[in-house]
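1. Can you look at this prediction? I've put the sequence above it.
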Amino acid sequence: MERYQQLFHELSMVHKPYIDQLNEILGRYALNRPQWTIMYILFNYGPHTLVEISKYQSIEKPAITRTVNSLEQQGYIQSFSSSDKRKKNIQLTAKGEKQYKVVRSEIDEFQIGKLIGITTDEQEQFLNILERIKQNFNE
């Protein structure tokens with residue numbers, strides 16, 4: 001087996017159990033991964049338009065719209081007008097920020113537990129490699 005084959009095989013082997021455990025945590029809070037990703041973006045990077053979120057996630061705008069609508073119904077996000085009426089801006093509400101922090105705490109505990117024995121330098125190297133692979137996919 002070539003090294004690159006093993007690398008992508010190992011990535012795929014880690015992906016499913018990670019997603020399964022993440023979904024289990026999110027499910028306890030009546031959230032799913034697409035909702036969580038939008039909350040993550042808004043919490044960490046501030047208000048965004050639906051188009052910006054769609055591009056960031058490489059997901060069609062109608063799917064983002066459905067997810068945003070469900071988060072609005074839960075009271076976690078709100079839309080607001082910008083100078084360009086064609087753009088719908090969204091941001092977390094106070095309730096959304098509070099919920100994000102609660103869920104984030106549990107996810108942090110889970111993720112930190114999976115990095116036991118991996119140094120900060122190794123994590124940084126891995127992150128840099130993943131970023132380069134991601135760039136290659138986007139070219």
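-> Alright, I've got the coordinates. Residues are numbered from 1 along each chain as shown.

2. Mind listing what's buried along stretch 49-68?
-> By neighbour count on 16 or more other CB atoms under 10 Å, the buried set for stretch 49-68 is Thr49, Leu50, Glu52, Ile53, Ser54, Ile64, Thr67, Val68. Glycine gets a C-beta too; all of them are placed from N, C-alpha and C.

3. ok, of these, which one's closest to Leu130?
-> Ile53 (20.7 Å; CB to CB).

4. if I read this right, that closest one contacts Ile64, doesn't it?
-> Yes. Assessed by CB atoms under 8 Å, Ile53 is found in contact with Ile64 at 5.4 Å.

5. so what sits against both of the two?
-> Common contact partners of Ile53 and Ile64 (CB atoms under 8 Å, 6 or more residues apart in numbering): Ile38.

6. by contact count, what packs against the lowest-mean-pLDDT helix or strand in the chain?
-> Here the helix or strand of the chain ranked lowest by mean pLDDT, DSSP states H and E is helix 50-57, holding a mean of 90. Helices and strands touching helix 50-57, as assessed by 3 or more CB pairs under 8 Å, 6 or more residues apart in numbering; DSSP states H and E, comprise helix 33-45, helix 61-73.
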